[in-house]
Each structure stands twice: as structure tokens, then as C-alpha cells.
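Q: Quick one, what's the 3D model for this:
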Amino acid sequence: MSHATAHIEENPSTIPGLSTRKFTMWLFLASEVMFFTGLIATYIAIRFGGADWPIVSQKLNVPLVALNTFILIVSSVTMVMAFAAIENGDQKGLTKYLIATAALGALFVSIQGFEWSSLLAEGTSANTSLFGATFFTLTGFHGAHVSGGVLALLLVVFRSMRGRYTLADHQGIELMGLYWHYVDVVWIILFTILYLI
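A: Next comes the predicted model:
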């Protein structure tokens, strides 16, 4: 077997310069963009289509959620630092920043859970109004994505602690980062349309 053939088998590629795993992740993220675009477009159509809507600043805890947004943005920074650490061959730094990212993600979901419980306690739920239905749908799907990301991060942390990622082989960290940044960007959009407009 020639050296070139061996290289192709070890690094399968769908598009030159793009591994199959990365291509698959981009396809997955593209489908997720379409999913959230549909939800957001539906929300905008309902919200600005003449539906009876509460004053958001009176109904939702905007300062708390702004803090929660900041927490999620910081978690993207720690994810970048995790990737930078492994690109420098720093496995301890990688693990440290991955743990920080997972902890910040879990904190984000916990604060969102507190917000939900407060709304439910005052009688706002997914079946009480169009506001409740759209709010809980959008934040619920996003919260599920963050929760799934936290679970995936815990698996990545476990693998990192076992030395799975190296300077030469750390694509799993890059793929995890792509997903994590995606949920961050989606939340910034949701925060803007749900809480600020």
C-alpha cells in the first residue's frame, strides 16, 4: 500500500481539507439552524401578528437573564481556551477549561430552570397563552440543546482526563467547540427577540 493511500484511509475526507467528522458536524449544525429558524420565524409571526402580548419587562426577569446570557458567553470563552490549550499540547489546561465550560453550561440551565419555576408559580405556562406557548417552546428547545451539550462536555472531560486528546489528535475538541458556540449564538438571538424587543 502506498503512503498516499494509507494517508487517505487514516484521514477520510468528504471534501478536500475537510474531514468526514467535521463535514458531518457542519451538516448537523445546518439542520439545527433550519430548525431554530422555523421556530423563531413562527414566534415573530405570532408576536407581531396582532396577538395579545404582555409587557416583557414586567413579565420576565430581564436582568437575571442578561446575567445568564453573560454566563453562556463566558462559557464560549472557556471553550476557546480549552481548544487553545490542547493546540499548545496542554492537557491539564484542556481539562480545566472543559470543566469550567461544563460548569457554566450547567449554571445557565439551572438559572433557566429557576426562571421557568417562577413563571409557572405565577400561572404562566405553555398552555395559558400564546406568549407562554412560544416562550416555553423556544427556551425549552434551547435549554435541551444546552443540557445535551453539557452531557457531551462531561464525556469529553472524561476522555480528556484519560489522555484521549493530544496535540496531534484533538478534532473532538474542535467539534465540541463548534456545537457549543452554535448554542451560544442561538441564545443571543433568542435573548434579543424574547427579552429585549
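
Q: just the strands in the chain please.
A: According to DSSP state E, the chain carries its strands in the segments 13-15, 18-19.

Q: Report the rounded mean pLDDT for the shortest one.
A: So the one you mean is strand 18-19. What strand 18-19 shows for mean pLDDT is 76.

Q: That one: partners in the sheet, and parallel or antiparallel?
A: For strand 18-19, the paired strands and their directions (DSSP bridges) are strand 13-15 (antiparallel).

Q: State the distance from Asn88 to Thr37.
A: Here Asn88 is placed at a distance of 37 Å from Thr37 (Cβ to Cβ, to the nearest Å). C-beta coordinates here come from the backbone N, C-alpha and C atoms, glycine included.

Q: Could you do Thr139 as well?
A: Using Cβ to Cβ, Thr139 is found at 16 Å from Thr37.

Q: what do you get for Phe23?
A: Note on Phe23: its distance to Thr37, by Cβ to Cβ, is 21 Å.

Q: Tell me where the model's unsure across the chain.
A: Scanning the chain for pLDDT under 70 picks out 1-17.

Q: repeat that with 50
A: Across the chain, the ranges flagged by pLDDT under 50 are 1-11.

Q: Just list the residues touching Ile99, thanks.
A: Contacts for Ile99 (Cβ atoms under 8 Å, 6 or more residues apart in numbering) come out as Val157.

Q: if we can go back for a sec, so for Thr139 and Thr37, which residue has more residues nearby?
A: Using other Cβ atoms under 10 Å as the criterion, Thr139 and Thr37 rank with Thr139 on top: 19 against 12.

Q: Surely that one touches Tyr195?
A: No: applying Cβ atoms under 8 Å as the test, Thr139 and Tyr195 come out as separate, 10.1 Å apart.

Q: shared neighbours, the two?
A: With Cβ under 8 Å, 6+ apart, Thr139 and Tyr195 have no common neighbours.

Q: What residues does Tyr165 make contact with?
A: So Tyr165 contacts Ile86, Gln91, Leu94, Arg159, Gly172, Ile173 (Cβ under 8 Å, 6+ apart).

Q: State the number of residues packed around the third one.
A: Same thing as Leu94. The number of residues packed near Leu94 is 26, by other Cβ under 10 Å.

Q: Distance of the spatially closest residue to Phe135 that is not a sequence neighbour relative to Ala168?
A: Closest residue to Phe135 apart from its sequence neighbours, by Cβ to Cβ, 6 or more residues apart in numbering: Leu194 at 6.4 Å. For Leu194, the distance to Ala168 equals 43 Å [Cβ to Cβ].

Q: Please identify which of those two sits among more neighbours.
A: For Leu194 versus Ala168, neighbours defined as other Cβ under 10 Å are more numerous around Leu194 (22 against 6).
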